[in-house]
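Visitor: I need the structure of the sequence given here:
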Amino acid sequence: MTRRERLERKLENREAWADGRRAKADALHRRAEPYRGDTAFWTQPGHIPERARILRGLERAYEHGQVAAHHDSKAAGLEAQLDRSIFSDDDNAIAELEARIAEHEATRDRMVLVNKLFRKGAAAGLAELGIDLEQLRAKLKEAGAYWGSKPHLPYELSNLGARIRSDRERIKDIQARRARTERAESSAGGVVIEGETWVRVTFAEKPARAILDALKAAGFRWGQGSWMGERAKLPEGIL
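Guide: Numbers count the residues shown, from 1 in each chain. Model (predicted):
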């Protein structure tokens, strides 16, 4: 199961839990509905078992509503993460990363060009980009000395550069991960062990729970599609 699939399952669970809580709250509210506007029922003195039961139900309905709202919030976070994230084990991860790199490079190139044209006072060049030179000058003047003498500050360019480098490194990591998986798929036992003192164990398919438990017990840790740990602690029966 990929990371996206795991998050999609979590999202489905959160939505189901929220719906279940809301259904319970609605049922409790329906029980109280016949007494809505019944002043005598709510105000007459003394202990009335039915009123006490309805009040307890309304308290539970409120609690169910609060829990439903919590699950809704978590579901919204998961949905946003699924929408904006590129996971390394997505089938189209490399293509998506390359597209994001191209987008960031285009944005950075535009920023550099805008700074250059602004420095030269090239009104026509900025106009081709949909920017009015005088309005831009007024905006920078209003921003004051903090903003500096250019429309785009150095940190904006360096942040984009960092994102581009990070995505390029991710592409390399994904390519290396897929290469290891391919070697595992072509091996006789469906597993590849690389390294000397410290080893990287890569399986072609998710192994049995007993093997995973043995690796964890031996101090191996999961990362980038493989299990990593000390060769001396490698559990028997891996190959």
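Visitor: Test for you: state the pLDDT assigned to L239.
Guide: We have a pLDDT of 66 for L239.
Visitor: how much space between the residue nearest the centre of the chain and D89?
Guide: In the chain, the centroid-proximal residue (Cα atoms, centre = their mean) is Q81; its distance is 3.1 Å. Remark: distance between Q81 and D89 (Cβ to Cβ, to the nearest Å) = 15 Å. C-beta coordinates here come from the backbone N, C-alpha and C atoms, glycine included.
Visitor: what's the domain layout of this protein?
Guide: 3-84, 93-170, 187-239 (automatic domain parsing).
Visitor: Now the nearest residue to L160 once chain neighbours are set aside: which helix or strand?
Guide: Distances taken as Cβ to Cβ, 6 or more residues apart in numbering place R108 nearest to L160, at 4.5 Å, with adjacent residues excluded. Take DSSP states H and E as the rule and R108 turns out to sit in helix 93-120.
Visitor: Need the residues that contact the following helix or strand past that helix.
Guide: Per DSSP H and E, helix 93-120 leads on to helix 123-128 as the next helix or strand towards the C-terminus. Helix 123-128 is touched from outside by L113, V114, L117, F118, D132, L133, E134, L136, with contacts defined as Cβ atoms under 8 Å, 6 or more residues apart in numbering.
Visitor: Buried ones among these?
Guide: L113, V114, L117, F118, L133, L136 (16 or more other Cβ atoms under 10 Å).
Visitor: which residues touch the residue lying closest to the fourth one once chain neighbours are set aside?
Guide: If you skip the residues right next to it in sequence, F118 has P151 as its closest partner in space, 5.5 Å away by Cβ to Cβ, 6+ apart. When contacts are counted by Cβ under 8 Å, 6+ apart, P151 is found next to M111, V114, N115, F118, L136, L140.
Visitor: quick one: P151 and S158, what's the gap?
Guide: If you go by Cβ to Cβ, the gap between P151 and S158 works out to 16 Å.
Visitor: and if you look at E63?
Guide: Going from E63 to S158 by Cβ to Cβ gives 49 Å.
Visitor: who's more crowded, the two?
Guide: Counting neighbours by other Cβ atoms under 10 Å for E63 and for S158 shows that E63 has the greater number, 14 against 11.
Visitor: Checking E194 next. Helix, strand or coil?
Guide: Assigned by DSSP: H, G, I helix; E, B strand; the rest coil, the conformation of E194 is strand.
Visitor: Which strand residues bridge it?
Guide: R200 (DSSP bridges).
Visitor: hang on, it packs against R200?
Guide: Yes: counting by Cβ atoms under 8 Å, E194 does reach R200; the two are 4.8 Å apart.
Visitor: Who's the closest spatial neighbour of E15, skipping the chain neighbours?
Guide: A75 (5.2 Å).
Visitor: what helix or strand does the one you found sit in?
Guide: helix 49-84.
Visitor: any idea of the mean pLDDT for that helix?
Guide: The pLDDT scores in helix 49-84 average 96.
Visitor: next one: stretch 179-186
Guide: On average, stretch 179-186 scores 91.
Visitor: Which positions within that stretch qualify as buried?
Guide: Result for stretch 179-186 [16+ other Cβ under 10 Å]: buried residues R180, T181, A184.
Visitor: Can I get the residues you listed in a markdown table including distance to A52 and secondary structure?
Guide: Below are the buried residues of stretch 179-186 laid out as a markdown table (distance: Cβ to Cβ, whole Å; DSSP: H, G, I helix; E, B strand; the rest coil):
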| residue | distance to A52 | secondary structure |
| --- | --- | --- |
| R180 | 65 | helix |
| T181 | 62 | helix |
| A184 | 64 | helix |
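Visitor: Out of those residues, which is nearest to R3?
Guide: T181 (14.7 Å; Cβ to Cβ).
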